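# Whatever this is, show me its structure:
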Amino acid sequence: MGRRRFLGWAVAALLGIWSRSATPAEGPRTGREQEVKLAYLYNLARFTRWPSGDPPEGGAFRFGVWGDDPFGPLWDELIGRTVHGRPVEVVRVRTAREARGCQVVFLAGATVPSVGRMLEALDGWEILTVSDQPGFVDRGGMVGFIRQGEKIRFEVNLDRALAAGLRISAEVLRLAVRVLGQGGAGRGSLP
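The predicted structure follows:
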């Protein structure tokens, strides 16, 4: 996928206007669906603020993926991009200790108990946790991708993000189909 196409998907994903064109026989993890989720991940990172701010010069902005990587070579679309002025780096993590070196961790393809253990291990760390597992935000995750009709949308657990010191932009919160905590999108977000 070229840079222009990726940016197009990123804008469409952020605005929530992408419609999945895959047939039901292709299952829940179609290539286009993963492109949209990756575009969401990138834009969520761009529109979230971390309390520690920018790292020392030369520090990378790390996206971590824990579990079975649903994106595969699509991650290559993020290489060469920046988030908050920092070059993007993608790492596969197997432990909470490895995940703590990331700013965003996507939890994929794991059992509910193991996701719960990982969320518990990352509790209090400045890490945006994201997954496409059903009920993720209800179990303490920060951003959960959901399918709504034929669209990929997201919901946010604002209390969990705020507890980690993360501030998700009000514009992003308004696009969420559901915001848990802090009275919804109006409080606890960037102006």
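# mind listing the strands for the protein?
For the chain, applying DSSP state E gives strands covering 48-49, 61-67, 82-83, 86-93, 104-108, 128-131, 143-148, 151-157, 167-168, 178-180.
# do you know which of these lies nearest Arg32?
When the strands of the chain are compared by Cβ to Cβ, strand 151-157 sits nearest Arg32, at 9.3 Å. Every residue, glycine included, has its C-beta placed from N, CA and C.
# tell me how far the closest one is from the chain's mean position?
10 Å (Cα atoms, centre = their mean, to the nearest Å).
# In it, which residues are buried?
Across strand 151-157, burial judged by 16 or more other Cβ atoms under 10 Å covers 152-157.
# ok, Glu171 to Asn43 distance?
Per Cβ to Cβ, to the nearest Å, Glu171 is found 10 Å from Asn43.
# quick one: which of those two has more around it?
The neighbour count for Glu171 versus Asn43, taken as other Cβ atoms under 10 Å, is higher for Asn43 (19 against 12).
# got the strands of the chain as a markdown table, with mean pLDDT and distance to Met118 columns?
Shown next, in a markdown table, are these (pLDDT from 0 to 100; distance: least, Cβ to Cβ, whole Å):
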| stretch | mean pLDDT | distance to Met118 |
| --- | --- | --- |
| strand 48-49 | 94 | 19 |
| strand 61-67 | 92 | 6 |
| strand 82-83 | 93 | 22 |
| strand 86-93 | 93 | 9 |
| strand 104-108 | 93 | 6 |
| strand 128-131 | 96 | 8 |
| strand 143-148 | 94 | 14 |
| strand 151-157 | 95 | 15 |
| strand 167-168 | 94 | 20 |
| strand 178-180 | 94 | 19 |
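# Can you say which of the ones you listed is packed in most?
Among the strands of the chain, strand 128-131 has the highest mean neighbour count (mean count of other Cβ atoms under 10 Å), at a mean of 26.
# Pairing partners for that one, with directions?
Paired strands of strand 128-131, with direction, are strand 104-108 (parallel), strand 143-148 (parallel) (DSSP bridges).
# Which two of the buried residues of strand 151-157 have the greatest separation?
Between all members of the buried residues of strand 151-157, the farthest pair (by Cβ to Cβ) comes out as Ile152 and Asn157, at 17.8 Å.
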